[in-house]
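Asks: for reference, the sequence and a predicted model appear below.
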Amino acid sequence: MSLGLCGVILAAGQSSRMGRDKALLPWPKPGNSAHSASTILSSAIDAFSDLCDLVIVVAGANEVALRPVVEACGATLVINPEPQRGQFSSLQTGLHEVLNRGRDNALVTLVDRPPPSAETLSVLVEAFPFNAPGVWAVVPDHAGEHGHPIVIGREMIEAFLRAPATSNAREIEHAHQSHIGYIPVSDRLVTTNVDSPPDYASLKL
């Protein structure tokens, strides 16, 4: 566990292309879990819980559906009151809660990115120089494509929170690129989007 590291999972989207909530799609739990099957959301919470002392899930209109999963996994649910403003508003909602909980560092992902391996998560967290100046974030890079989850420190959190709600995270990252470390990983899940039924079927669980 990394002192002060808070997990943030953005799960407030409408999943319109999927036709059902992506957070609740079946997903196998890793390792020797007592439960052989779970959901993308519960698997992400479990994976983050191994490295974070708190996991926050940001929901929207799907709050009622997600709350039982979040609470069963021991995570904290926060609500984006205006999820229609887009994903960046959910990021800001989650990061406000990170600071409210007294944390300075966050491990952030999207619920439509299935959780990568425990090894990949450990590589990213270990690559982040906690409390060291200069590096504000580390981002996984698979085959030249940047993905999730990302590890961010106080400086990047504040940069995200200062930005207008109409911004997107990629814009903010590019504006501070000299402060970001890109970490090569072999795990294709860091760049895998599950936006539609064909995307999900292609994963061959």
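Replies: Structure received. Numbers count the residues shown, from 1 in each chain.
Asks: burial check on the nearest residue in space to Ala163 that is not next to it in sequence, number of neighbours?
Replies: Among residues not flanking Ala163 along the chain, Ile172 sits closest, at 5.5 Å (Cβ to Cβ, 6 or more residues apart in numbering). In this view, the C-beta of every residue, glycine as well, is placed from N, C-alpha and C. Close neighbours of Ile172, defined as other Cβ atoms under 10 Å, add up to 18.
Asks: three-state assignment of Ile172?
Replies: helix (DSSP: H, G, I helix; E, B strand; the rest coil).
Asks: kindly report the same for Trp27.
Replies: strand.
Asks: what's the answer for Pro115, then?
Replies: Of the three states, Pro115 takes coil according to three-state DSSP.
Asks: what's the pLDDT at it?
Replies: pLDDT recorded at Pro115 is 88.
Asks: then the one 4 residues further on?
Replies: pLDDT for Glu119: 95.
Asks: number of residues surrounding it?
Replies: Neighbour count for Glu119, taken as other Cβ under 10 Å: 11.
Asks: quickly find the element holding it.
Replies: Using DSSP states H and E, Glu119 sits in helix 118-127.
Asks: now that helix, how far from the centre of its chain.
Replies: 14 Å (Cα atoms, centre = their mean, to the nearest Å).
Asks: any stretches of the chain with poor pLDDT?
Replies: Residue ranges of the chain with pLDDT under 70: 1-3, 29-37, 131, 204-205.
Asks: quick revisit: for Leu161, see how far away the residue nearest to Ala163 is.
Replies: 10 Å (Cβ to Cβ, to the nearest Å).
Asks: just Ala59 next, same as before
Replies: 19 Å.
Asks: after the helix holding Glu119, which helix or strand is next?
Replies: Of the helices and strands lying after helix 118-127 in sequence (DSSP H and E), the nearest is strand 137-142.
Asks: show me the strands paired with that next one, marking each as parallel or antiparallel.
Replies: Strand 137-142 has the following strand partners under DSSP bridges: strand 145-146 (antiparallel), strand 150-152 (antiparallel), strand 180-184 (parallel).
Asks: report the longest helix in this structure, please.
Replies: helix 87-100 (DSSP state H).
Asks: which other helices and strands does that helix contact?
Replies: Under the contact criterion of 3 or more Cβ pairs under 8 Å, 6 or more residues apart in numbering; DSSP states H and E, helix 87-100 touches strand 5-10, strand 54-59, strand 76-79, strand 105-110, helix 154-162, helix 169-175.
Asks: right, and those - which one's nearest His148?
Replies: strand 105-110 (4.5 Å; Cβ to Cβ).
Asks: just how off-centre is that closest one within its chain?
Replies: That offset, for strand 105-110, works out to 4 Å (Cα atoms, centre = their mean).
Asks: do the same with stretch 126-133
Replies: 19 Å.
Asks: neighbouring contacts of that stretch?
Replies: Residues outside stretch 126-133 that contact it (Cβ atoms under 8 Å, 6 or more residues apart in numbering) are Ser2, Leu3, Gly4, Leu5, Asn105, Val135, Ala137, Val138, Val151, Gly153, Gly181, Ile183.
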